[in-house]
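*Asks:* Here is my input, please return the structure:
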Amino acid sequence: MTESDHPRLILNNFLSPDLCKELEFIHKSSSTIGYRQNVFSTTLSHLIATNSPHLILPFIPIREKLKEKVEEFFGCEFELVIEFTGLISWTKGASIGWHSDDNRPYLKQRDYAAVCYLNSYGVDFGGGLFHFQDGEPSTFVPMAGDVLIYTADSRNVHSVEEITDGQRITLTLWFSRDKSHDEDIKLISFLTNRSYDINDTSLSRYLPLPASQNMYWFPPEQSSTYHSGFDIRCARLHVLGYELYPSNSSSLVDVRSSRDFSDILLEPLRLARENELVDREFANILHLLQVVQFYQWKATTSQMAESKKVSFKVVPISASQQDNIRCLKLELIKDQNLAEILFGYGTCGESLEHDWAYFSSIVDLWEAYTSKLWHNMVLNLPIWIANQSLFYEPSCGSCTSLT
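*Replies:* Numbers count the residues shown, from 1 in each chain. Just a heads-up that it's a prediction; the model follows:
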């Protein structure tokens with residue numbers, strides 16, 4: 001067989017390091033339980049549904065450029081639509097056997113696939129290598145920013161090794177010739193279900209709103225009883241060394257009698273670390289998680305600003321507050337060991353040294369970043385609606401970097 005019998009394309013360093021980190025930030029602050037064991041996903045429709053439609057903006061230039069690359073390489077210019085876009089993380093124990101991406105009847109519309117790696121094999125995760133059954137390369141060993149493109153049919157039957165450590169994070173797109181499966185039309189329909197006022201300057205316009213609780217509880221089969229497992233949002237905070245404290249401590253007393261702790265995550269929360277508590281409210285668990293993950297993103301890049309004076313109070317935690325924090329943690333992360341296995345850094349990295357002064361400045365930086373994306377999204381929306389297609393308007397300012 002020749003190379004043309006198994007058409008595939010590798011693009012090294014297609015995504016810039018900071019863009020990889022930006023998409024990782026979006027995923028770790030927004031993901032829900034995924035489609036198979038130990039897999040977590042973030043779709044564009046989910047971002048819209050949780051009042052974070054502005055977070056789809058960084059994806060748009062990537063989608064455009066990848067679609068161009070697929071059409072050019074496979075000789076199908078102007079024939080394709082984007083059928084699916086999603087961020088997917090595979091954690092310890094996740095794997096998939098030999099298959100082609102269209103081998104299920106409800107996925108027959110998929111013609112091509114693009115897998116963009118946001119982190120690196122051997123550095124951020126172990127295992128998880130991508131193998132092709134036939135043709136070359138037979139194994140793809142990715143570094144952050146690399147892209148693998150292939151036909152989603154029997155010519156490119158493939159498998160993914162079991163993850164042994166860390167988290168393998170990818171941006172995955174599927175392309176189709178069937179225009180009835182155009183993802184853009186569906187996304188624009190979701191976006192037009194609510195109104196956006198360009199003159200709205202309130203913080204609430206872009207504060208995330210959590211989806212239903214069972215979308216965040218792992219394993220999903222425990223979501224109806226919450227007898228074991230953990231809330232993935234709380235688990236991500238836990239492995240970074242942060243804890244939650246309800247702004248209204250009396251609400252904790254109320255839920256202790258009803259044993260329904262999930263409602264607390266929809267209410268204002270404060271952030272605790274070691275023996276210190278921040279005297280600042282965050283609207284809900286997703287708001288808090290976005291800020292913390294934004295801190296992780298910016299603190300691991302060269303964009304780290306000089307620390308400023310802390311703009312909020314950081315106070316010692318009292319014994320009663322510590323008890324409430326411990327109680328809430330036990331209810332929301334019943335299996336701390338499993339949470340640390342799936343989300344902990346282990347040998348694939350280390351938690352950052354915390355700096356309250358820098359964290360304080362990050363809260364303001366997150367608001368500026370989010371406000372800019374939201375503003376640009378609102379400016380682009382009428383154009384998207386008119387054309388029934390998501391595309392990037394340079395006049396609205398750059399939000400991504402492709403190499």
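*Asks:* Run a quick neighbour tally on the nearest residue to Phe261 once chain neighbours are set aside.
*Replies:* Sequence neighbours aside, Glu331 is the residue nearest to Phe261 in space, at 4.1 Å (criterion: Cβ to Cβ, 6 or more residues apart in numbering). C-beta coordinates here come from the backbone N, C-alpha and C atoms, glycine included. Close neighbours of Glu331, defined as other Cβ atoms under 10 Å, add up to 20.
*Asks:* next one: Leu330
*Replies:* 11.
*Asks:* For the stretch 101-250 of the chain, which residues score under the pLDDT cut-off?
*Replies:* 102-103, 105-106, 249-250 (pLDDT under 70).
*Asks:* can you give me the strands for the stretch 101-250 of the chain?
*Replies:* Ranges of strands in the stretch 101-250 of the chain, per DSSP state E, counting those that start in this stretch, are 112-117, 125-127, 130-132, 139-140, 147-151, 158-160, 163-166, 168-176, 217-218, 230-231, 242-246.
*Asks:* Give the other helices and strands that the fifth one contacts.
*Replies:* Packed against strand 147-151, as judged by 3 or more Cβ pairs under 8 Å, 6 or more residues apart in numbering; DSSP states H and E, are the following elements: strand 8-11, helix 59-74, strand 112-117.
*Asks:* Would you mind finding the most buried of those?
*Replies:* Of all the helices and strands packed on strand 147-151, strand 112-117 has the most neighbours on average by mean count of other Cβ atoms under 10 Å, namely a mean of 24.
*Asks:* Compute the inter-axis angle for it and helix 59-74.
*Replies:* For strand 112-117 against helix 59-74, the angle by axes from the mean of the first three to the mean of the last three Cα atoms, to 10 degrees is 130 degrees.
*Asks:* ok, and what's touching strand 112-117?
*Replies:* Here strand 112-117 makes contact (Cβ atoms under 8 Å, 6 or more residues apart in numbering) with 14-15, 20, 62, 66, 69-70, 74, 80, 101, 130, 142-152, 168-175.
*Asks:* Please name the strands paired to it in the sheet, noting orientation.
*Replies:* Strand 112-117 has its sheet partners listed here by DSSP bridges as strand 147-151 (antiparallel), strand 168-176 (antiparallel).
*Asks:* SS state for Gln37?
*Replies:* Using DSSP: H, G, I helix; E, B strand; the rest coil, the structure places Gln37 in coil.
*Asks:* pretty sure it contacts Lys92?
*Replies:* No - applying Cβ atoms under 8 Å, one finds Gln37 not in contact with Lys92, separated by 10.6 Å.
*Asks:* Between these two, which has more neighbouring residues?
*Replies:* Lys92 (22 against 13).
*Asks:* so what's that one up against?
*Replies:* With contact set as Cβ under 8 Å, 6+ apart, Lys92 has these partners: 38, 163-166, 341-342.
*Asks:* Which ChimeraX command selects the buried ones in those?
*Replies:* With 16 or more other Cβ atoms under 10 Å as the criterion, this ChimeraX line picks the buried residues out of these:
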select :38,163,165,166,341,342
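*Asks:* residue ranges of the helices in the stretch 151-300 of the chain, please?
*Replies:* In the stretch 151-300 of the chain, the helices defined using DSSP state H, counting those that start in this stretch lie at 183-191, 232-239, 249-258, 285-299.
*Asks:* Tell me which of those sits nearest to Ile26.
*Replies:* For Ile26, the closest of the helices of the stretch 151-300 of the chain is helix 285-299, at 8.4 Å, according to Cβ to Cβ.
*Asks:* Just the residues contacting that closest one, thanks.
*Replies:* By Cβ under 8 Å, 6+ apart, the residues outside helix 285-299 that reach it are 21-22, 24-25, 28-30, 50, 207-210, 231, 233-234, 236-237, 240, 242, 244, 265-266, 269, 271, 282, 304-305, 352, 355, 358-359, 362-363, 365-366, 369-370.
*Asks:* coming back round to it: including distance to Leu379, could the contacts of Lys92 go into JSON lines?
*Replies:* Output for the contacts of Lys92, formatted as JSON lines (distance: Cβ to Cβ, whole Å):
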{"residue": "Asn38", "distance to Leu379": "39"}
{"residue": "Ile163", "distance to Leu379": "40"}
{"residue": "Thr164", "distance to Leu379": "45"}
{"residue": "Asp165", "distance to Leu379": "43"}
{"residue": "Gly166", "distance to Leu379": "38"}
{"residue": "Ile341", "distance to Leu379": "44"}
{"residue": "Leu342", "distance to Leu379": "39"}
